[in-house]
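*Asks:* Could you look at this predicted model? Sequence included:
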Amino acid sequence: MPSDTVTDRTLVHADPLRATTRAIFEAIGFSAGHAELSAHVLVAADLRGVDTHGVSNMLRRYLDWAGSGHLNPKPRPRLLREGPSTAAFDSDAGLGIALLPTMMQTAIEKAGQTGVGMIALHNGRHSGMLAYHAMLALPHDMLGVCATAGGPRVLPTFGREPRLGTNPLAVAIPTAQDPPFVFDASTATVAHNKISTARRLGEPISAGWCAEPDGTPIMEDTPSSRELDSLILPLGATAEMGSHKGYALASIVEVLSSILSGGVFIAKLGPGFSNHFVAAIDVSGFTDPAGFKEEMTDFMDTLRATPPAAGRERVLVPNDREWETERQRCRDGIPLHPEVVGWFDETCRRYGIAPLARA
């Protein structure tokens with residue numbers, strides 16, 4: 001959950017945060033268009049309360065990758081194969097947050113012609129918050145899907161060595177009234193960025209997130225100073241709690257993103273690599289869009305109307321919390337940790353960029 005109640009946070013509004021982030025991307029060699037897209041994806045995550053995938057965690061990592069040559073700041077994706085509804089690309093080591101919005105637009109165009117559009121890409125880098133890419137389909141009365149296979153950090157059920165990424169999946173579905181249905185989650189018990197965030201904030205790693213080096217699930221809180229980043233458990237944590245389901249879902253994401261794109265599965269490549277899959281599904285190919293969206297709204301309202309369990313205030317549906325957080329942060333500003341603000345100030349000085357404006 002977003003930690004807006006922490007009193008030492010500095011509030012920054014979205015527009016100046018986007019502008020400064022865009023300038024930093026341009027300073028490391030991104031084109032103006034890719035810098036703009038990348039800044040939008042990162043700040044969208046911060047607005048929605050997905051702080052693990054916003055500027056605090058990811059921007060400095062992208063700068064490190066660009067400096068080491070691991071990331072290509074000026075990628076030229078190469079079309080490998082194309083059909084009326086499909087396409088496969090080599091991402092040319094480009095950052096997913098810069099490339100996937102355009103790839104989703106291509107999927108949307110194909111869906112408008114054939115009903116479904118699907119794009120798979122290999123040789124990519126981090127995709128950011130997947131919901132951003134999936135939600136691009138919503139204004140077109142389409143369902144959006146986005147999946148990413150990342151570097152191996154997750155153990156197979158009963159395993160002691162990582163073979164899969166946290167391999168998130170996002171699905172966005174249009175509705176007659178806001179908020180739309182948007183699901184975006186890792187197929188592991190936790191996104192890796194939450195572990196690095198816990199370490200930065202001095203918070204523990206929660207029970208069920210990681211395993212001991214021998215593969216035994218750790219079912220109690222443990223210090224985040226421990227090096228458990230590549231011992232993450234699949235969704236479910238233990239076999240008794242259904243971790244084989246998370247393991248299988250992560251494998252499906254790997255197939256869609258890596259093998260279907262004509263690439264190799266990520267365990268052959270190692271950390272820092274990503275392969276992607278995006279799809280758009282035109283509602284009008286199946287039913288009347290207006291009726292579909294009305295039924296979706298009724299469905300979601302029925303779920304919300306479920307009597308809450310003891311000790312709980314209400315029942316939520318996917319995207320309720322993020323939608324509410326976005327409304328609040330658009331009004332009041334995005335809270336940044338002092339360490340993050342200090343990093344921005346130092347980075348702006350290094351590149352000769354105007355300092356980040358505070359709210």
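*Replies:* The structure has been received and is ready for your questions. Everything numeric here is computed off the predicted structure, so don't read it as measured data.

*Asks:* Contact partners for residue 67?
*Replies:* Residue 67 makes contact with residue 28 under the criterion Cβ atoms under 8 Å, 6 or more residues apart in numbering. Using the backbone N, CA and C atoms, a C-beta is placed for each residue, glycine as well.

*Asks:* Show the pLDDT at it.
*Replies:* Predicted confidence (pLDDT) for residue 67: 95.

*Asks:* Find the least confident helix or strand in the chain, judged by mean pLDDT.
*Replies:* helix 192-201 (a mean of 82; mean pLDDT, DSSP states H and E).

*Asks:* Quick one: list the elements packing against the very next helix or strand once past it.
*Replies:* Proceeding N to C from helix 192-201, the next assigned helix or strand is helix 243-254, under DSSP states H and E. Where contact means 3 or more Cβ pairs under 8 Å, 6 or more residues apart in numbering; DSSP states H and E, helix 243-254 is packed against strand 142-149.

*Asks:* Check which element follows the strand it packs on along the chain.
*Replies:* Going down the chain from strand 142-149, the next helix or strand is strand 169-173, by DSSP H and E.

*Asks:* what mean pLDDT would you report for the helix or strand following that following strand?
*Replies:* Note on strand 169-173: by DSSP H and E, the next helix or strand toward the C-terminus is strand 181-185. Here strand 181-185 scores 98 as its mean pLDDT.

*Asks:* Same check on stretch 43-52?
*Replies:* Averaged across stretch 43-52, the pLDDT comes to 96.

*Asks:* Send over that stretch as PDB, restricted to the C-alpha atoms.
*Replies:* Coordinates of each C-alpha in stretch 43-52 appear next as PDB, following Å, rounded to 0.1, in the frame of the first residue of the first chain:
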ATOM      1  CA  VAL A  43       5.000   8.800 -13.000                       C
ATOM      2  CA  ALA A  44       1.800   6.900 -13.700                       C
ATOM      3  CA  ALA A  45       3.000   4.200 -11.400                       C
ATOM      4  CA  ASP A  46       3.700   6.800  -8.700                       C
ATOM      5  CA  LEU A  47       0.200   8.400  -9.100                       C
ATOM      6  CA  ARG A  48      -1.500   5.000  -8.700                       C
ATOM      7  CA  GLY A  49       0.500   4.200  -5.600                       C
ATOM      8  CA  VAL A  50       2.600   1.600  -7.300                       C
ATOM      9  CA  ASP A  51       5.700   3.200  -5.800                       C
ATOM     10  CA  THR A  52       7.900   0.100  -6.400                       C
END
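
*Asks:* Now find how far off-centre stretch 69-82 is within its chain.
*Replies:* Offset of stretch 69-82 from its chain centre (Cα atoms, centre = their mean, to the nearest Å): 20 Å.

*Asks:* how about the strands of the stretch 251-359 of the chain, start to end?
*Replies:* 274-282, 334-336 (DSSP state E, counting those that start in this stretch).

*Asks:* Quick check: mean pLDDT of the shortest one?
*Replies:* Taken as a whole, strand 334-336 has an average pLDDT of 97.

*Asks:* List the buried residues in stretch 313-332.
*Replies:* Residues of stretch 313-332 classed as buried by neighbour count (16 or more other Cβ atoms under 10 Å): 317-320, 322-323, 325-326, 329.

*Asks:* Out of those, flag the one nearest to residue 236.
*Replies:* Ranked by distance to residue 236 (Cβ to Cβ), these are led by residue 318 at 18.5 Å.

*Asks:* wait, doesn't that closest one sit right on residue 183?
*Replies:* Yes: in this structure, residue 318 is within contact of residue 183 by Cβ atoms under 8 Å, at 4.3 Å.

*Asks:* Export the buried residues of stretch 313-332 to CSV and append columns for pLDDT and distance to residue 246.
*Replies:* What follows is those, written out as CSV (pLDDT from 0 to 100; distance: Cβ to Cβ, whole Å):
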residue, pLDDT, distance to residue 246
317, 98, 21
318, 98, 17
319, 98, 21
320, 98, 23
322, 98, 22
323, 98, 26
325, 98, 25
326, 98, 28
329, 98, 30
